[in-house]
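In: Below are the sequence and a predicted model; questions follow.
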Amino acid sequence: MENETITTSKAPRTMSYNRIDTLLGTTGKLTPQAVEFEEAVLGALMIDDNAVTEVLSILQPEMFYVEANQHVFSAIKKLFSASQPIDVLTVTNQLKKDKQLELSGGASYVAGLTTRLNSAANVEFHARIVMEKFILRELIRHCNSIINDAYDDSNDVLAMLDDAESKIFSIVENNLKRDSKELGDVVSIALNELTEMRDSQDDLQGVPCGIRAIDEKTGGWQKSDLVILAARPGMGKTSFVLSIARNAALDFDKPVAFFSLEMSATQLVHRLFSIESGIPSDHISKGTLSDVEWSKLWENVSKLNSANLLIDDTPALSVFDLRAKCRRLKHKYDIQMVIIDYLQLMQAGTDNSKHGGNREQEISFISRSLKALAKELNIPVIALSQLSRAVETRGGSKRPQLSDLRESGSIEQDADMVLFIYRPEYYHLDTFEDNTPADGMAEIMFEKNRHGSTGNVKVRFQSQFTKFCDVSEGTFGMEGGGFASPSAGITPNENFSAEYYDSAANGDSGGGKDPSQMEYSDDYAF
């Protein structure tokens, strides 16, 4: 720390500053600071108790440029937390207890702070100026660090990029928070949304699933929702989300980000080839295609080139990296849905000690972060999850329960919807409990639905093509393959319009960007 003399209207005094550098290199530029506003804020807090609640939601001690002011603000925070009165005497006494009075300039400096202004009327404005100067100093500090790292040839370039992005986003996360909204403002927003929904020609207000029976129940995947899809290994979790990602991106022109922590991007595309062409997936994965199948493949998969589907197969993805990537994709492609396969393969961060000492606490942190991401980007986030072995060992029915969610009960709490996949065939059963045939069938179990009713929806699972679809779609590939029109052969519910599906099948999505006009980076492409 350096000492610097500041001249005020009072006598000169010597203060110790907590700074990055007084001068930036040789440019002669002074570090961003607002000492007068810092003193005005502290003075206001000691003359008006009501000012404290306004300022504490904006400032932290480290945001003050002058070290003495940091100590004074910390003392005020302690008094407020203990529900003690806040004035010159109590703050001075708290600084004595903390052995920080001398570092704070002494009792005379603390008393002098209250003479900087006569009213606390503008304290929030003053506090925001202090915060802005702190953000500028943080930007300078991180940018200097990034510049120094860039000159070091021993550093890995990609690791530096991740580190640089982390540093910049940390400034946003730690300092820019949403303000509370008055009920009247929220009511107006809600009424406008309802008016738009009423006037809209679409029956789906969320991102379409493309499976009619599920869309009828959900109205599409809703904004800001965290949807958990869970099942035992081999039940078809990846096949289900890949089917709905394909439907949303290709049939309804909704940009979708698919984060695959288990399968490679190439493996996922092989599955899409099977879904699109009606060629058994094992023929594609093994490369054992007949001449007829090769011809069929080329005829049907060309449309995938224009699909609004972005695939990222980074393994062991951390929550922070996921959030950073989703923000970029939202800004660049306006993604409308995020799919994560699967939650238990994610990492909470590089320092797991921050989030608890065991995997259950880490999973809890991840699920909370995914819900926060859905709210921040205002899009649905669908995360796959494993189920515990309790399903297999339990006697009687093998239907999964909420208590079977693996490693964390907080997944159930954080999720807006919890869905299970149940296929009797998996357990070598020929029928469902109601004696209906189970051959090629599955049930999507809505065990939690914050916005509607729970219950089960039957869908068809075509295992040879790893594809989920409506029960009425029938057997894929019997009439030459291809993905059937979303409304083909379906008698719509009288309150559920088929035109929405038909228009999508004909290429009229009613919104979204033209995929041919998009630029796909190497990291997010087929």
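Out: In hand now; what should we look at?
In: Name the residues of the longest helix along the chain that are buried.
Out: In the chain, taking DSSP state H as the definition, the longest helix is helix 123-150. Of the residues in helix 123-150, 123, 126-127, 129-131, 133-138, 140-142, 146 count as buried by neighbour count, 16 or more other C-beta atoms under 10 Å. Glycine gets a C-beta too; all of them are placed from N, C-alpha and C.
In: With stretch 369-379 instead?
Out: Result for stretch 369-379 [16+ other C-beta under 10 Å]: buried residues 369, 370, 371, 373, 374, 377, 379.
In: In JSON lines: those residues, plus pLDDT and distance to residue 245.
Out: Converted to JSON lines, the buried residues of stretch 369-379 look like this (pLDDT from 0 to 100; distance: C-beta to C-beta, whole Å):
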{"residue": "369", "pLDDT": "88", "distance to residue 245": "21"}
{"residue": "370", "pLDDT": "91", "distance to residue 245": "17"}
{"residue": "371", "pLDDT": "91", "distance to residue 245": "20"}
{"residue": "373", "pLDDT": "89", "distance to residue 245": "17"}
{"residue": "374", "pLDDT": "92", "distance to residue 245": "16"}
{"residue": "377", "pLDDT": "89", "distance to residue 245": "17"}
{"residue": "379", "pLDDT": "92", "distance to residue 245": "13"}
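In: out of the residues you listed, which one sits closest to residue 286?
Out: residue 370 (35.4 Å; C-beta to C-beta).
In: So that closest one: helix, strand or coil?
Out: Under DSSP: H, G, I helix; E, B strand; the rest coil, the three-state class of residue 370 is helix.
In: Am I right that it is in contact with residue 410?
Out: No: look at residue 370 against residue 410 with C-beta atoms under 8 Å: they stay out of range, at 11.0 Å.
In: just for the stretch 351-500 of the chain, where's the confidence low?
Out: 351-357, 406-409, 473-500 (pLDDT under 70).
In: Just the strands from it, written as ranges.
Out: Taking DSSP state E, counting those that start in this stretch as the criterion, the stretch 351-500 of the chain carries its strands at 381-386, 417-422, 441-449, 455-462, 467-469.
In: Could you export the ones you listed as CSV, including mean neighbour count and distance to residue 154?
Out: Shown next, in CSV, are these (neighbours: other C-beta atoms under 10 Å; distance: least, C-beta to C-beta, whole Å):
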stretch, mean neighbour count, distance to residue 154
strand 381-386, 25, 37
strand 417-422, 24, 47
strand 441-449, 20, 50
strand 455-462, 18, 52
strand 467-469, 25, 49
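In: who wins for proximity to residue 348 among those?
Out: Nearest to residue 348 among the strands of the stretch 351-500 of the chain is strand 381-386; the distance by C-beta to C-beta comes to 14.1 Å.
In: what lines up beside that closest one in the sheet?
Out: Here strand 381-386 is paired, per DSSP bridges, with strand 226-231 (parallel), strand 337-341 (parallel).
In: which residues does residue 310 bridge with?
Out: Beta-bridge partners, per DSSP bridges, of residue 310: residue 257.
In: returning to that earlier point: what element comes up after the longest helix of the chain heading to the C-terminus?
Out: Moving toward the C-terminus from helix 123-150, the next helix or strand (DSSP states H and E) is helix 157-175.
In: Next, the angle helix 123-150 makes with that next one.
Out: For helix 157-175 against helix 123-150, the angle by axes from the mean of the first three to the mean of the last three C-alpha atoms, to 10 degrees is 170 degrees.
In: Which elements pack onto helix 157-175?
Out: The elements that helix 157-175 packs onto, with contact taken as 3 or more C-beta pairs under 8 Å, 6 or more residues apart in numbering; DSSP states H and E, are helix 123-150, helix 319-333.
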